Each structure stands twice: as structure tokens, then as C-alpha cells.
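> quick one, structure for this:
(4 chains)
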There are 2 protein chains.
Amino acid sequence: MTVTIRDVARASGVHVSTVSRTFSAPHMVNAATRTRVLTVAEELGYRPNRAARALTTGRTHNLGLIVADIANPFFPPLIKAAHAAARQRDYHLFVADTDEEPAAEEELVQAFSKQVDGVVLCSPRSSNKALERLAERVPFVVINRRLRGAATVLMDVGHGAKLAVEHLAGLGHRRVALVSGPAGSWTSSEIRTAAEQVPGVDLVVVGPNAPTERGGFAAAARVRDAGVTGVLAYNDLVAIGLIEGLGDLGLSVPEDVSVVGIDDIVSGRLNRPKLTTVAMPTAAAGRLAVDLLIQEVTATTTLETRLVIRDSTAAPR
Amino acid sequence: MTVTIRDVARASGVHVSTVSRTFSAPHMVNAATRTRVLTVAEELGYRPNRAARALTTGRTHNLGLIVADIANPFFPPLIKAAHAAARQRDYHLFVADTDEEPAAEEELVQAFSKQVDGVVLCSPRSSNKALERLAERVPFVVINRRLRGAATVLMDVGHGAKLAVEHLAGLGHRRVALVSGPAGSWTSSEIRTAAEQVPGVDLVVVGPNAPTERGGFAAAARVRDAGVTGVLAYNDLVAIGLIEGLGDLGLSVPEDVSVVGIDDIVSGRLNRPKLTTVAMPTAAAGRLAVDLLIQEVTATTTLETRLVIRDSTAAPR
DNA sequence: TTCAAGACTGCAAACAGTTGCACTAAACCT
DNA sequence: AGGTTTAGTGCAACTGTTTGCAGTCTTGAA
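Numbers count the residues shown, from 1 in each chain, chains lettered A, B, ... in the order given. Okay, the predicted model is just below:
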């Protein structure tokens, strides 16, 4: 029922190898034969079977993409860009979600290994050792995690955090809270060390917190008690939750306290007040990651971040 | 370099067929042999090659998922749920994005066809004829589109729209605008016909509009001029954009006009005012769609929607 | 003790392609 | 004219697994 290369060969009076070549090495076959085979193939509705092709060539033309949580608004633009880049080069993209479980990462990479030419891992939480083990099974590139020997694309969140704190300092804030995320992520430590280096502001760390709206909401009281006039939040969701929490405590943003988030998710732009935030080049990262994978280059690239000033920051009273 | 079934066979002193069976039909092989093969396989790090398996069995254990726009906040929860359901049954999921181009749908299904056991198509925009043609190539289930002969999962957005308009009527609104989406989608017409049936309210249609925040923003002036006190928007993004646009025109929500959205995306909950909306069971739809696909049942299921009343609706002045 | 029935296991032919090698004919040199 | 290159095509082996068929070896029953 499914039409194979042999059917096309028979119908166009050539050997299967010729049919094969008209698809995978067109220049090796006579123009006349080629068009004949092509039209016959078209008539029959033949499409090469990629799985079978993969068996001999070893290349599947598939890529894997593993993220912590598909529904976290940080990821969809990255996934979309990765898909577009893959599609452009005729690759297909498996997408998987670890549900924030580090163990699932290894599991998924293993499961993908025979079926993809490479995988991109976003902000992996597995140990270096585990990642090195995986690197032997399948090429991969990691996003937002420094890893020796692997292709890497980093978003310079440290610089962004610095810009954010400098922005607050410039407005006159002298004491700012860092509402941190979960302990132990690369992003988390980047933000902290960068923020601490800004001269003229006292940084007080409030956390760790869940990297969600609820996490931010729950941190509101501690932020109030910290006696700060400015806040840098781990990400936009935390910032939005925090703003709501502060509101419930009778503090308004930006009048009583300025808040800046990180990521620049759409909800931040839609929020009232519109969120000042550090824009992360997620789409660029996704695109770049698949390009690196396909071209098999192992480089480490750092993407710029920038500060987007909106309505959640102002001079302190 | 990659370890195959033959390596395992050699190392454990049995024939390849026995190794094959220990994985795909364990009951057919002696317990002792089985454990021996299993331990050898483990030591060697053997994993069956799914592509090769697919070649003989015809089943790839892969599924495709095609959506209009991965970055549209409506889809990620659906994708996530679909992924979870697939994963649970040891299926992998290709995800693809048509970028709102109807032509890409057919293209993508074709490309997937040999590589998946089925595909789920979300809100397809292709013609019935095109979809029937595709149905011959690969089993699929469609979400949010009525299609004879194909497995279908529908979200009862019509009923949701009716509830929304009834809610507005109940608050005392007599003239409400339907800020519609793009022309010709199934959802769009469902909403309209249902909304029109609510007695006691005059419905005026404003549209079509792009199904985005910008679309809603751009429709603000026309809504003001329509002389309505209540609005049902095509989706939450449109509602949020509209609220902002109305704000710029000096109208506040819900004091001057009530707005209800559709979808219940997270941004709506985060918005100020918090958006009253029709919650769509996207996760359930995603999960169900892959279950139907895997079990190869062709049924048409309609999922309930419900009204979530928050702060963007109130009695008219 | 013999025979039939199981339980295991091996053999080999698929599955749908790719590719190194050999072969034929035509085209090009000198 | 004879030799050499070149373009185009066919042959057959190979990729990693599955599976119908057949063979061997135990067991249990008569």
C-alpha cells in the first residue's frame, strides 16, 4: 500500500539505485531519466522513507529539543525559533518536557539518541558528569549552562542584571532586594554575582523562591520587611507575583517600590504596570542552537541581553 | 561504535532473534537467557534502534503535533499535555508550527507521514478536501474543527460564548459587541452563532480582526463607536489589547465597558483588571487527542468549557 | 518406553533505502 | 585508429530489527 522506491523503479524502467540517486544525488543522473523518474514518483505519490534512509546513512534529519516546562512562557518563543530554523534546513523537531525533573533529562536524551542527529538542552540541571556521559551518545548543544567541551549558547543574563541594578541606582535607589529563584541554577548565580558588583547599592538577597508567580507573591512580605526601595526579581513571573503581593500589603509599584523582572515574557508587557525587565534573546538562542547542531560546530556563544524600561520602575519617594 | 543487537547476541552467546525477542516479546524467551541478555545489553549500553524497528513493524512510536503558532499562549498547555500523554505510552512527539499559513499544514503532514503513527492537527485551516487527501496518508485527529470521518476533539466554545453573553445580560448589559477573530475559522463561527442566540441582547459584530493583542487594540475605536456597554472578544489576547486601547481612549474596564475574553491564558489572570473569560480545556484536549491517536479510535468528543468570572465585567453604569 | 506437546531457540527473509564497484557507451585526445 | 577519460546506470551488499518457520530438547502422559 505504501509506495516504495522499487515501485517507482519498476514504473519508470530503471533500477532502484537510479531512483535513489535522483533524490539524494540528482547530479549523478541523466537529466532526461531524472525528470522521468520524478514525474513517475509524483504520479505515484512517492516520498522517501526517512527512517529507512537513516538506517544506511546514519543521519535521521531529526533534532531533539528538551526544555524544563513547555508551558513556562519563557520557552515557547525559543521552541518556535528552533523549529523554524530546523524546518528551514529540512529537519524535524522532537520537543520534550522534563517537567522540571532533572532525572528526566538523561532519560529523554537516551530515548532520543538513536532517532536524532543531535539534541538541544535548555538550562539542564543534570550534573556535569551525567552530561558528559550523554555527550558520548549523541551530539548536543546546551543553552544557558556553561559546559566545557560542549557547544554552548549563553544569554548574558549577568550583564542584564547589572544593567538592571544600575538602572535602579541611577534612579536613586540605594538598597535593593534580589528576589532569587531556585538554588543552584546557572542563571541564578550569574544574576547574583553580577548584581553584587554594582557600586553604591546595598544588595539584600531574598530567597530562594519558586520561579513562579506564586513564588513572587509569597516573597512580598519579606521584601517589605527588608526595607528596600527597589527589587530585581529572578524572572518576570516572580516579578508579577511580587507586584501583586506588594499590592495586597498596601504597597504600590512603582510609587512605593520599583520592580524589574528578567526574561521579557509577553505577560510582563501586558501587566499593569508594564514591567521593566531584562530582555532575553530566546528566539535567537533557539535558532542559533539548532544551527550549531546542524553544522556540527562546537563553539560557545554569548548572546547580548538588554534592559527594557517600562512602567514598574521610578525614582524612590 | 553504536552497539547493535548483534553485538549483544555475540556477547551473550545467543542468536540475534533471541535478543530481539527479549525486548519485544519477553515471554517467549527462557527466564535465564532473558536475564543474561538483559545484563549484557545493560553493560554494553544497548538500546534498540527505533527507526530500524519501524522498518519492519511499520510502527514508529512517534506522533506529530501541528499547531498554528507555538508562541501563541493558547497552545503551550496543549502541547505540554499532549507530550505528557505520549511520553506515558512511550511515544515521542514531533511538534511543528505552521506560522498561521494554511499551506504549511499539508506540507508538514506530508513530511511527517512516513515518520509517525499519527498526527494531531490543531484548528486546521485547510479545506475539507485537502484534509481528506491527507487522511489517506496518515491517521490523524483534529482539534477544534468539525470533520466527518476523522477523529475529532472539540471544545464547546459555543456554549462558553453563550455563557459569557448571558453573564453580561445578567449584569444588565443590553447591547454587546462581538470583537471577532479572523474570518472563516470554525471557532469564530461557533462563537458567533451561539452569541446571537442569547435573548435580550443586541449583538453587534466588530471585525474581522487579527487574533492578537494588536488586533484588539486596533478595534478599540470601533467598539467605542458601536455604543455598547459589554464586549465578548475572540480570545484573551484580543481582549487584553482591547482593554488597553479603550484605556487610551479614556474608557476604563469594567466601569465604562465590560470585557470578556476566551481561552483563559495565564496573561489574562495576570492582567489588570483580571480578565473574565471562557476557560478552554486545552490540556484535556491535548491529552485526549493523543490517546485517541494511539488507540486508533475515531470518535468525536466535545469537551466542556466554563466561564471564569473575574474583574473585567460589572454592571453597566 | 514411546509419542505428542510444549518451550526455546536458530535460520533467513523481509523492511526501504544507500553506496562502492563494475560495466557500457559515448566523447575526447593525439 | 587506438587509447583514455567521463557520464550514466546496474548489481549487490549493507544498515538494525522483526518474525514465520523449522528444528531441538524437555516433559508429561499413556
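
> residue ranges with poor pLDDT in the stretch 1-150 of chain A?
Scanning the stretch 1-150 of chain A for pLDDT under 70 picks out A:1.

> which ones are touching residue A:227?
residue A:175 (C-beta atoms under 8 Å, 6 or more residues apart in numbering or on different chains). Any C-beta I mention is one placed from the backbone N, CA and C, and that applies to glycine too.

> any buried residues in stretch A:105-116, and which?
A:105-106, A:108-109, A:111-116 (16 or more other C-beta atoms under 10 Å in any protein chain shown).

> with stretch A:40-58 instead?
Within stretch A:40-58, the residues scored as buried using 16+ other C-beta under 10 Å are A:40-41, A:46, A:48-54.

> which stretches of the stretch 201-317 of chain A form helices?
A:213-218, A:220-225, A:236-248, A:266-270, A:282-295 (DSSP state H, counting those that start in this stretch).

> those helices: lowest mean pLDDT?
Out of the helices of the stretch 201-317 of chain A, helix A:266-270 stands lowest, with a mean of 89 (criterion: mean pLDDT).

> hmm, back to that, hey, which of the helices of the stretch 201-317 of chain A is tucked in deepest?
Comparing the helices of the stretch 201-317 of chain A by mean neighbour count (mean count of other C-beta atoms under 10 Å in any protein chain shown), helix A:236-248 ranks first with a mean of 24.

> what about that one and chain B, touching?
Yes. Counting by C-beta under 8 Å from any C-beta of the partner chain, chain B is contacted by helix A:236-248 at residue A:240.

> and what of stretch A:39-53?
Yes. Judged by C-beta under 8 Å from any C-beta, stretch A:39-53 comes into contact with chain B at A:47-52.

> quick check on the closest residue to residue A:283 other than its chain neighbours: phi, psi?
Spatial nearest neighbour of residue A:283, excluding adjacent residues (C-beta to C-beta, 6 or more residues apart in numbering or on different chains): residue A:81 at 3.8 Å. Torsion angles at residue A:81 (phi, psi; degrees, to the nearest 10) stand at phi -70, psi -40.

> residue A:81 reaches residue B:70, doesn't it?
No. Contact criterion C-beta atoms under 8 Å: residue A:81 and residue B:70 do not qualify, at 9.2 Å.

> of those two, which one has the most company?
residue B:70 (26 against 23; other C-beta atoms under 10 Å in any protein chain shown).

> roughly how far apart are that one and residue A:80?
4 Å (C-beta to C-beta, to the nearest Å).

> which residues do those two both contact?
residue B:97.

> and residue A:76, what does it touch?
Contacts of residue A:76 (C-beta under 8 Å, 6+ apart): A:70, B:70-71, B:73, B:75-76.

> what is the nearest of these to DNA strand D?
Among the contacts of residue A:76, residue A:70 lies closest to DNA strand D (C-beta to the nearest atom of the strand), at 29.1 Å.

> so that closest one, which of the three states?
Applying DSSP: H, G, I helix; E, B strand; the rest coil to residue A:70 yields a three-state assignment of coil.

> so where does residue A:33 fall, helix or strand?
Following DSSP states H and E, the helix or strand that holds residue A:33 is helix A:31-44.

> for that helix, what is the distance to the chain centroid?
How far helix A:31-44 lies from its chain's middle: 42 Å, per C-alpha atoms, centre = their mean, to the nearest Å.

> does DNA strand D sit close to it?
Yes. Using C-beta under 7 Å from any atom of the strand, helix A:31-44 comes into contact with DNA strand D via A:31-34.

> can you name the element that comes right after that helix?
Taking DSSP H and E, what comes next after helix A:31-44 is helix A:50-57.

> can I get the CA coordinates of whatever helix or strand comes next after that next one in CSV?
Counting by DSSP H and E, the next helix or strand C-terminal to helix A:50-57 is strand A:62-67. The C-alpha trace of strand A:62-67 is given here as CSV (Å, rounded to 0.1, in the frame of the first residue of the first chain):
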residue,chain,number,x,y,z
ASN,A,62,15.7,14.9,13.2
LEU,A,63,16.6,17.0,16.1
GLY,A,64,15.5,16.9,19.8
LEU,A,65,14.7,19.9,22.0
ILE,A,66,14.4,19.4,25.7
VAL,A,67,13.1,22.1,28.0
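
> which residues are contacting strand A:62-67?
A:50, A:75, A:78-79, A:82, A:86, A:91-98, A:105, A:108-109, A:112, A:115-124, A:286, A:290, A:293-294, B:94, B:115.

> same check, this time on stretch A:211-220
A:179, A:181-182, A:206-207, A:209-210, A:233-235, A:237-246, A:248-249, B:270.

> residues from the stretch 101-250 of chain A in reach of chain B?
Residues of the stretch 101-250 of chain A lying near chain B (C-beta under 8 Å from any C-beta): A:110-115, A:137, A:213, A:240.

> try 10 Å
A:104, A:107-108, A:110-116, A:133, A:136-137, A:213, A:236-237, A:240-241, A:243-244, A:247 (C-beta under 10 Å from any C-beta of the partner chain).

> for the residue lying closest to residue A:163 once chain neighbours are set aside, give me the pLDDT.
Excluding the flanking residues, the one nearest residue A:163 by C-beta to C-beta, 6+ apart is residue A:307, at 4.3 Å. Note for residue A:307: predicted pLDDT of 98.

> same question, the one 3 residues further on
Confidence per residue is given as pLDDT, and for residue A:310 that number is 97.

> separation between it and chain B?
Using C-beta to the nearest C-beta, to the nearest Å, we find residue A:310 at a distance of 13 Å from chain B.

> now do the contacts for the nearest residue to residue A:115 once chain neighbours are set aside.
Nearest residue to residue A:115 in three dimensions, chain neighbours excluded: residue B:50, at 5.5 Å (C-beta to C-beta, 6+ apart). Neighbouring residues of residue B:50 by C-beta atoms under 10 Å, 6 or more residues apart in numbering or on different chains: A:51, A:54, A:60, A:111-112, A:114-115, B:57, B:59-62, B:90, B:92.

> would you mind putting those into CSV with distance to DNA strand C alongside?
Supplementary listing: the contacts of residue B:50 in CSV, determined by distance: C-beta to the nearest atom of the strand, whole Å:
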residue, distance to DNA strand C
A:51, 8
A:54, 8
A:60, 12
A:111, 21
A:112, 21
A:114, 15
A:115, 16
B:57, 9
B:59, 12
B:60, 12
B:61, 15
B:62, 15
B:90, 20
B:92, 20
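
> which among those are in contact with DNA strand D?
Within the contacts of residue B:50, those near DNA strand D by C-beta under 7 Å from any atom of the strand are A:114, B:57.

> which of the contacts of residue B:50 lies closest to residue B:154?
Distance to residue B:154, by C-beta to C-beta, is smallest for residue B:62 among the contacts of residue B:50, at 25.3 Å.

> so who does the nearest residue in space to the closest one that is not next to it in sequence touch?
Nearest residue to residue B:62, sequence neighbours excluded (C-beta to C-beta, 6+ apart): residue B:116, at 4.6 Å. Applying C-beta under 10 Å, 6+ apart, one finds that residue B:116 lies in contact with A:92, B:54, B:59-65, B:91-94, B:109, B:138-140, B:293.

> tell me the residues of chain A that contact DNA strand D?
A:13-18, A:21, A:28-34, A:52, A:55-56, A:114.
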